[in-house]
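# Need the 3D shape of this:
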Amino acid sequence: MSPDGLKEIKKLTNQTNIGIYTICADYLMECPLHSADKLIAAKAQKILLKLLKASAELGVTDVVIPCVDHSSIKDIDERNRLVSRIKEIQPVLEELRINLALETDLDPHSFTDLINSI
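Below is the predicted model:
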């Protein structure tokens, strides 16, 4: 998100009196945080951190990480990589006061295990 893009969004939210409180990081569907490819995962994390900082400037409180379709969590290794990468950015989330929400296609038991491991 460019500085000009942020200015434009702020201008529009002020003009319309409509706030933005949640953003879905759809980019991460094609470039998952939990990719086994370290270059892809690093790029995803860099983009997410940039999005989090821009989100904080806009007053966003929640960012959704999609883990469905191409970015589904298919096995324990992918789950563990996702948990590890979320834990790495947890201090930034706390500092910016932004919540992460996970959109997954996991069954309820597996989703509960994932949440409990973070």
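# in the sheet, who's paired with the residue nearest to residue 60 when sequence neighbours are not counted?
Excluding its sequence neighbours, the residue lying closest to residue 60 (CB to CB, 6 or more residues apart in numbering) is residue 23, at 5.4 Å. Quick note: C-beta positions are derived from backbone N, CA and C, even for glycine. Beta-bridge partners of residue 23, counted by DSSP bridges, are residue 63.
# Just to check, residue 23 is in contact with residue 55?
Yes - the pair formed by residue 23 and residue 55 meets the contact definition of CB atoms under 8 Å, at 5.7 Å.
# Neighbour count: these two, which is higher?
residue 55 (23 against 18; other CB atoms under 10 Å).
# any idea how far the more buried one is from residue 118?
Here residue 55 is placed at a distance of 19 Å from residue 118 (CB to CB, to the nearest Å).
# One more: residue 54?
23 Å.
# In terms of neighbours, single out the busier of the two.
Shown here are residue 54 and residue 118; by other CB under 10 Å, residue 54 has more neighbours (17 against 12).
# For the one helix or strand the more buried one maps to, name the packing helices and strands.
Using DSSP states H and E, residue 54 maps to helix 38-58. The elements that helix 38-58 packs onto, with contact taken as 3 or more CB pairs under 8 Å, 6 or more residues apart in numbering; DSSP states H and E, are helix 3-16, helix 27-30, strand 62-67, helix 76-96.
# Identify whichever of those lies nearest to residue 113.
Taking CB to CB as the measure, the helices and strands packed on helix 38-58 were each checked against residue 113, and helix 76-96 came out nearest at 8.0 Å.
# Can you name the element that comes right after the closest one?
Towards the C-terminus, the helix or strand next in line after helix 76-96, according to DSSP H and E, is strand 99-104.
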